[in-house]
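Participant: Sharing a sequence plus its predicted fold:
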Amino acid sequence: MRKLAGYAGLVVGVLAVAMSVYHIYARLTVYAPDQQALLYITLAFSLVLSFLLWPMRKGVTPDRIPWVDLALAGLSLACIGYMFVNYDYIVNRFPTADSLSRTDMAVGIVATLLVLEATRRTIGLALPIVAVAFMAYGFAGPWLYGWTYHKGLTLEIMVDQTYFTTEGIFGVPMTVAATYVILFIIFGSFLERSGAGEFFMNFANAIAGGARGGPGKVSVVSSSLFGTISGSAVANVMVDGWLTIPMMKKTGFKPEAAAAIEAVASTGGQIMPPIMGAAAFVMAEFQGVSYTKVMIAAAIPALFYYGALFAAIHFNAVRSGLKGLPREELPILGHIILRQGHLFLPVIVLLGLLLLGFTPTYGAIIATGALIAISWLRPATGLGWRACIEGLRDGAVHTVPVAMACASAGIVIGIVLQTGLALRFTAFLIEFTYGSLLPALLITMVAGIVLGMGMPTTPAYIMQAALLVPAIMKLGVEPMGAHMFAFYFSCLSAVTPPVALAVYAAASIGGAGLWGSGVQAMKFAAAGFIVPFFFVYNPALLFEGPWHTILGSALTGTVGVIALAAGLEGYFLRVATWFERALFLIAALLLIDPNPMTDAIGVALLAAVLLLQKFWAPRSVMAQGVNP
């Protein structure tokens, strides 16, 4: 991204601030333009900022804006301006029934190309390639066979669907970016400006830094909290990792383990309530439910994910004889709370508003206002006018890649709807798996991981929601379970080799091997790969059902993920034999499954292996030494 100074930096800064201010204004007043106009304005801001801030070639960050990019920004404004000049005609016409004029066609084609180029600049080449492939599929339908066949789309229908309706670029994903995502990103930007990131790190150090494997546990606590600010795995790594990875290595963690821990902890920020990744807001919109319901449904799986990681770090540290940080290097919890503890309050305000039934838009705006006021409880954290301006600017800039990803994903959604691909693919998948749910889930898991390798979580999830989630639901899975399953594996692609972006970022900081770090990351993230299968089969893990069932499932599942960590790390009370590790893993799977019968068998197996650990130590284990 360009680092602009002088007049160019001022102009771009004003545009970014204006984008944030407008979106806040649009949610607070009845005088703002309607929803369709809001989407046009969001795309206009996003396209212009994409061409002004992101260079045509990666790695080139000049301090000036080339004339070509100025021309593209101007062309973007012309395409959106055309929509406003002809607003009544566009809103009131019957799509595909009323023919497009030659000017309409030209504007639609140019605008689509601009969206694809802006997406390429901001998030990479993968999503634009996917969008172009789907457009090619739209034209090629008559020459295809089987479930891929369709009558084919004309150029006019494709342009109409893509740019002049609410089922293409201006579809559900873009609506979510314009109404929810930008406001939460602005909130996170203000939270970061207040010093919350430093507070989260100090707080985590104070409560966990001195324990065995303390820096690893600090990474878990701080990254889960920092997800409230960023919602991005790589962003979490790049902020937390510079502190936690060297600390882990200093206390004895191997570089690969340190990188893996940070990558897995940072990835969990997207699945951790109250503020999850942008895809969670899209999920709520696709299902027609409140974001609060999605947030509540994600709570128990997130608890399992971080509980398993925390336990794995502990067992790894004890087995390796690692210690925590010296007491003199740790901050004092009481001092941290007194000095910066008030920065927790805005997050609590936001959570309370969501649980009380406020919409996410109002919740984010009110929480941002509360943050500004609360920050002045301590002058050192007070947000002055300059910090507020910077927060508004950064909020808009960080929204641009999300908005462009949503716009390009909307192109794909439009083609899927227009060609009827979703229905035919659902029928094909059910036939291919012989109506069996488990193979369909495995295909969805692989698809989520593969898609997430080349694009951010949000578009990767949207692709699955369009093609795979309907098939899973057809096989009897509740909508929340089906969507959450796809969402999880879109997130976990960040720690799944061969393309694991969060692992790559962490390994670069820790000087660790990529493959070694990736394998370690998959082991630390094991609960994330296992738990989704269980909440699909039993929605109690998604807070659906009687309270006693939900509570029992949460308790036994928590024990289960600890047993899972023990089995994978090969340690509980002492170093475990292979037989004991197998018992731990079997007990873990039985306990995570929220079923009274499996829970009873799991408890019995766990009790048996604990007795073995307590009273029997074979020679092979004694030879390894039992760490205190």
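Facilitator: Okay, I see it.

Participant: Can you pull out the low-pLDDT segments for the stretch 101-250 of the chain?
Facilitator: By pLDDT under 70, the low-scoring segments of the stretch 101-250 of the chain are 227-231.

Participant: Please repeat the previous calculation with a cut-off of 80.
Facilitator: Applying pLDDT under 80 to the stretch 101-250 of the chain flags the ranges 197, 224-236, 238-240.

Participant: Helices along that one, start to end?
Facilitator: 102-123, 126-140, 155-163, 172-176, 182-193, 196-208, 214-226, 233-250 (DSSP state H, counting those that start in this stretch).

Participant: before we move on, what about the stretch 451-600 of the chain?
Facilitator: Applying DSSP H, counting those that start in this stretch to the stretch 451-600 of the chain gives helices spanning 457-467, 469-474, 479-492, 501-510, 514-524, 526-537, 547-569, 578-592, 596-615.

Participant: how about these, which one is nearest Lys151?
Facilitator: helix 457-467 (19.4 Å; CB to CB). Bear in mind the C-beta positions are built from the backbone N, C-alpha and C, glycine included.

Participant: That closest one - what's its average pLDDT?
Facilitator: Mean per-residue pLDDT for helix 457-467: 89.

Participant: what does stretch 308-318 give?
Facilitator: On average, stretch 308-318 scores 91.

Participant: ditto for stretch 282-296
Facilitator: On average, stretch 282-296 scores 92.

Participant: Send me it as CSV with only the CA atoms.
Facilitator: Extracted in CSV, the C-alpha atoms of stretch 282-296 (Å, rounded to 0.1, in the frame of the first residue of the first chain):
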residue,chain,number,x,y,z
VAL,A,282,-22.4,-12.4,6.0
MET,A,283,-23.5,-15.6,7.6
ALA,A,284,-26.1,-13.8,9.6
GLU,A,285,-27.4,-12.1,6.5
PHE,A,286,-27.6,-15.3,4.5
GLN,A,287,-29.6,-17.0,7.2
GLY,A,288,-31.8,-14.0,7.9
VAL,A,289,-31.0,-14.1,11.6
SER,A,290,-29.4,-11.5,13.9
TYR,A,291,-25.7,-11.3,14.3
THR,A,292,-26.3,-11.9,18.1
LYS,A,293,-27.6,-15.4,17.3
VAL,A,294,-24.4,-16.1,15.3
MET,A,295,-22.2,-14.8,18.1
ILE,A,296,-24.0,-16.9,20.7
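
Participant: And the contacts of that stretch?
Facilitator: 172-173, 175-176, 180, 273-274, 276, 280-281, 354-355, 357, 359-360, 406, 458, 461-462, 465, 479-480, 483-484, 487, 543 (CB atoms under 8 Å, 6 or more residues apart in numbering).

Participant: Return the distance of it from the chain's centre.
Facilitator: The chain centre lies 14 Å from the centre of stretch 282-296; the measure is CA atoms, centre = their mean, to the nearest Å.

Participant: now do stretch 435-449
Facilitator: Distance, centroid of stretch 435-449 to centroid of chain: 20 Å (CA atoms, centre = their mean).

Participant: tell me the mean pLDDT over it?
Facilitator: 90.

Participant: returning to what we had before: CSV for the helices of the stretch 451-600 of the chain, including distance to Leu155?
Facilitator: Output for these, formatted as CSV (distance: least, CB to CB, whole Å):
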stretch, distance to Leu155
helix 457-467, 22
helix 469-474, 28
helix 479-492, 32
helix 501-510, 36
helix 514-524, 43
helix 526-537, 41
helix 547-569, 52
helix 578-592, 51
helix 596-615, 56
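
Participant: which stretch of helix or strand covers Ile374?
Facilitator: Applying DSSP states H and E as the criterion places Ile374 in helix 360-375.

Participant: now for that helix, which elements pack on it?
Facilitator: Using 3 or more CB pairs under 8 Å, 6 or more residues apart in numbering; DSSP states H and E as the contact test, the elements touching helix 360-375 are helix 6-28, helix 182-193, helix 345-355.

Participant: Check which residues of it are buried.
Facilitator: For helix 360-375, the neighbour count (16 or more other CB atoms under 10 Å) marks 360-361, 363-368, 370-372, 374-375 as buried.

Participant: tell me how far that helix is from the chain's mean position?
Facilitator: That offset, for helix 360-375, works out to 22 Å (CA atoms, centre = their mean).

Participant: what about the following helix or strand past it, average pLDDT?
Facilitator: Proceeding N to C from helix 360-375, the next assigned helix or strand is helix 385-419, under DSSP H and E. Across helix 385-419, pLDDT averages out at 92.

Participant: Could you point out the helix or strand that follows helix 385-419?
Facilitator: Next element after helix 385-419 (DSSP H and E): helix 421-432.

Participant: tell me what that next one is packed against?
Facilitator: helix 437-454, helix 457-467, helix 469-474.

Participant: And the pLDDT at the nearest residue to Val603 once chain neighbours are set aside?
Facilitator: Spatial nearest neighbour of Val603, chain neighbours left out: Leu591 (7.2 Å); criterion: CB to CB, 6 or more residues apart in numbering. We have a pLDDT of 92 for Leu591.

Participant: burial measure for Leu591, as a count.
Facilitator: 28 (other CB atoms under 10 Å).

Participant: okay, the helices and strands packed on helix 421-432, which one's buried deepest?
Facilitator: Of the helices and strands packed on helix 421-432, the one with the most neighbours on average (mean count of other CB atoms under 10 Å) is helix 457-467, at a mean of 27.

Participant: That one relative to helix 437-454, how many degrees between them?
Facilitator: Helix 457-467 runs at 140 degrees relative to helix 437-454, counting by axes from the mean of the first three to the mean of the last three CA atoms, to 10 degrees.

Participant: which residues touch the closest residue to Arg212 other than its chain neighbours?
Facilitator: Spatial nearest neighbour of Arg212, excluding adjacent residues (CB to CB, 6+ apart): Ala317 at 4.4 Å. Residues in contact with Ala317 (CB under 8 Å, 6+ apart) are Arg212, Gly213, Gly216, Gly252, Phe253.

Participant: Highest mean neighbour count out of the helices and strands packed on helix 360-375?
Facilitator: The stretch of the helices and strands packed on helix 360-375 with the highest mean neighbour count (mean count of other CB under 10 Å) is helix 182-193, at a mean of 26.

Participant: Quick check, Gly363 in contact with Leu350.
Facilitator: Yes - using CB atoms under 8 Å, Gly363 is in contact with Leu350, at 5.5 Å.

Participant: re the thing from before, now the helices and strands packed on helix 421-432 as JSON lines including distance to Ala607?
Facilitator: Output for the helices and strands packed on helix 421-432, formatted as JSON lines (distance: least, CB to CB, whole Å):
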{"stretch": "helix 437-454", "distance to Ala607": "29"}
{"stretch": "helix 457-467", "distance to Ala607": "39"}
{"stretch": "helix 469-474", "distance to Ala607": "36"}
